[in-house]
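Peer 1: give me the fold of what follows.
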Amino acid sequence: MPERGDEEQARTEILIDTDVLIEYLRGSPVVRRLIDEIRNGDVKAYFSTITETELYSGSRNEREDARIAALLSFLTRVDVDGNVAVVSGKLRYKYRARKLETPDAIIAGTAQILNVKLATFNRRHFEMITEIELFDIE
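Peer 2: Below is the predicted model:
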């Protein structure tokens, strides 16, 4: 029988991109299953403060603000700090010919620093980045 620490390490860990959370808010059954796995503790999920910014920038009223806050409440926030800025900047430079935008570079850099898979539906934005692995949302 594995020790408790081994069990926790075996658990899947992901960084969730904005588009996945938007699909959840729109009622996507596929994403609802993923969110259920997160709530049940089968998956540990992180989100970047960039994702938080993007979600609230599309919110039209207090009701939508409350839905976003409720969704984010059981995920782990990762702030954009100096380390994320450096790694993200280096990724943006490396993939500049592929037109990697700053928000996507920050998301990718965060996934790289955390050493977790990135859950996104925008695969073409990230698939060229060899420093990270993408998570298959099923």
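Peer 1: need the strands for this structure, in chain order.
Peer 2: 12-16, 43-48, 76-78, 117-119, 134-135 (DSSP state E).
Peer 1: would JSON lines of the ones you listed with distance to A66 and mean neighbour count be doable?
Peer 2: Placement of C-beta: from N, CA and C, glycine included. Output for the strands of the chain, formatted as JSON lines (distance: least, Cβ to Cβ, whole Å; neighbours: other Cβ atoms under 10 Å):
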{"stretch": "strand 12-16", "distance to A66": "19", "mean neighbour count": "23"}
{"stretch": "strand 43-48", "distance to A66": "17", "mean neighbour count": "21"}
{"stretch": "strand 76-78", "distance to A66": "17", "mean neighbour count": "15"}
{"stretch": "strand 117-119", "distance to A66": "23", "mean neighbour count": "22"}
{"stretch": "strand 134-135", "distance to A66": "27", "mean neighbour count": "20"}
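Peer 1: how about the ones you listed in a markdown table, adding mean pLDDT and distance to E101?
Peer 2: Converted to a markdown table, those look like this (pLDDT from 0 to 100; distance: least, Cβ to Cβ, whole Å):
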| stretch | mean pLDDT | distance to E101 |
| --- | --- | --- |
| strand 12-16 | 97 | 17 |
| strand 43-48 | 98 | 14 |
| strand 76-78 | 98 | 19 |
| strand 117-119 | 98 | 15 |
| strand 134-135 | 98 | 17 |
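Peer 1: could you dump the ones you listed to CSV with distance to L91?
Peer 2: Formatted as CSV, those follow (distance: least, Cβ to Cβ, whole Å):
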stretch, distance to L91
strand 12-16, 14
strand 43-48, 13
strand 76-78, 16
strand 117-119, 12
strand 134-135, 15
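Peer 1: no further questions, thank you.
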